[in-house]
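**Student:** coordinates only, sequence not included:
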């Protein structure tokens with residue numbers, strides 16, 4: 001009669017039960033999932049083999065160092081939390097919760113930023129109340145957003161997420177259509193101020209271009225006037241030039257000009273005498 005050998009059940013580990021020691025999955029989330037999975041397995045199974053199969057990358061290197069330091073899952077859980085979610089890591093999250101600020105230059109939306117913060121905060125020990133979390137997270141965003149959260153008395157995480165999502169949706173739509181006439185974000189978001197600054201810059205740019213055109217026109221007119229001044233055509237000499245006339249012609253004209261009609265012989269002689277006097281004066285001159 002032959003002996004029956006014991007066959008170890010095959011271990012199938014899903015991807016959400018793989019830990020690399022980085023931010024792909026939160027340490028507190030991983031350890032909870034691993035614990036639930038082990039509870040569904042027969043007690044006869046080797047726990048260390050199961051845990052070892054879930055450690056990858058840097059986490060696997062760490063596991064090789066502590067494999068001989070535990071015998072039960074609870075002991076492993078304590079070692080794991082101390083390494084990846086101990087007081088040092090939790091204190092960093094608390095400090096960021098108080099002093100953190102959202103910056104759109106990092107390329108993340110407000111909603112995504114908020115969700116990542118909530119994801120870390122909810123695993124802190126001791127835990128914050130929901131209202132405390134909302135108050136501290138509201139300070140991470142612009143002043144006008146913070147004021148709306150306070151004045152509208154948003155006190156739940158779901159309410160905060162919904163409002164932040166509405167801000168992101170409006171801003172995304174505004175960026176796609178910058179020519180919209182109404183650029184006010186609901187409840188006083190600072191986008192209206194930035195849009196007004198953009199319009200003012202456009203107006204100043206247009207004014208500068210118009211001023212440059214005016215200066216060019218004035219410069220062209222000045223050059224044209226100078227050109228016309230130095231290239232002016234001479235006047236018609238026939239209009240201003242007097243034709244020289246002989247003395248005898250002048251005497252005749254003068255005689256005719258001062259000789260009245262129907263004059264007597266004596267009057268004519270007198271006129272001729274006066275003309276001769278004038279002729280003599282012209283010759284002396």
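**Tutor:** The structure has been received and is ready for your questions. These figures come from a predicted structure and were not determined experimentally.

**Student:** on contacts alone, who are the packing partners of the strand or helix carrying residue 29?
**Tutor:** Using DSSP states H and E, residue 29 sits in helix 27-39. Judged by 3 or more Cβ pairs under 8 Å, 6 or more residues apart in numbering; DSSP states H and E, helix 27-39 is in contact with helix 47-54, helix 73-84. (C-beta placed from N, C-alpha, C; glycine too.)

**Student:** got these as JSON lines, with distance to residue 204 and mean neighbour count columns?
**Tutor:** Shown next, in JSON lines, are those (distance: least, Cβ to Cβ, whole Å; neighbours: other Cβ atoms under 10 Å):
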{"stretch": "helix 47-54", "distance to residue 204": "62", "mean neighbour count": "15"}
{"stretch": "helix 73-84", "distance to residue 204": "55", "mean neighbour count": "16"}
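
**Student:** Distance to residue 144 and mean pLDDT added to those helices, as TSV?
**Tutor:** Formatted as TSV, those follow (distance: least, Cβ to Cβ, whole Å; pLDDT from 0 to 100):
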stretch	distance to residue 144	mean pLDDT
helix 47-54	46	94
helix 73-84	38	97
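
**Student:** Identify whichever of these lies nearest to residue 212.
**Tutor:** Closest of the helices and strands packed on helix 27-39 to residue 212 is helix 73-84, at 63.7 Å (criterion: Cβ to Cβ).

**Student:** returning to what we had before: how about TSV for the helices and strands packed on helix 27-39, with distance to residue 133 added?
**Tutor:** Formatted as TSV, these follow (distance: least, Cβ to Cβ, whole Å):
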stretch	distance to residue 133
helix 47-54	30
helix 73-84	22
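
**Student:** Nearest to residue 209, out of the ones you listed?
**Tutor:** helix 73-84 (60.5 Å).

**Student:** packing partners for the next helix or strand along the chain from the closest one?
**Tutor:** Where DSSP H and E defines the elements, the next helix or strand beyond helix 73-84 is helix 87-99. On a contact count with 3+ Cβ pairs under 8 Å, 6+ apart, helix 87-99 meets helix 110-121, helix 130-138.

**Student:** Could you list every helix and strand in contact with the shortest one?
**Tutor:** Think helix 130-138. helix 87-99, helix 110-121, helix 143-151, helix 157-176.

**Student:** The third one - contacts with which helices or strands?
**Tutor:** For helix 143-151, the helices and strands in contact under the criterion 3+ Cβ pairs under 8 Å, 6+ apart are helix 130-138, helix 157-176.

**Student:** got it, and the second one?
**Tutor:** For helix 110-121, the packing partners by 3+ Cβ pairs under 8 Å, 6+ apart come out as helix 87-99, helix 130-138, helix 157-176.

**Student:** just so I know, which of these lies nearest residue 149?
**Tutor:** The minimum distance between residue 149 and the helices and strands packed on helix 110-121 falls on helix 130-138, with 4.2 Å, by Cβ to Cβ.

**Student:** Now that closest one: buried residues?
**Tutor:** 133-138 (16 or more other Cβ atoms under 10 Å).

**Student:** Could you list the low-pLDDT ranges of the stretch 101-250 of the chain?
**Tutor:** Within the stretch 101-250 of the chain, the set of residues satisfying pLDDT under 70 comprises 175-196, 198, 219-250.

**Student:** if we can go back for a sec, nearest to residue 92, out of the helices and strands packed on helix 87-99?
**Tutor:** Of the helices and strands packed on helix 87-99, nearest to residue 92 by Cβ to Cβ is helix 110-121, at 9.2 Å.

**Student:** what's in contact with the closest one?
**Tutor:** 26, 93, 96-97, 100, 102, 104, 128, 133, 137, 140-141, 157, 160-161, 164-165, 167-168 (Cβ atoms under 8 Å, 6 or more residues apart in numbering).
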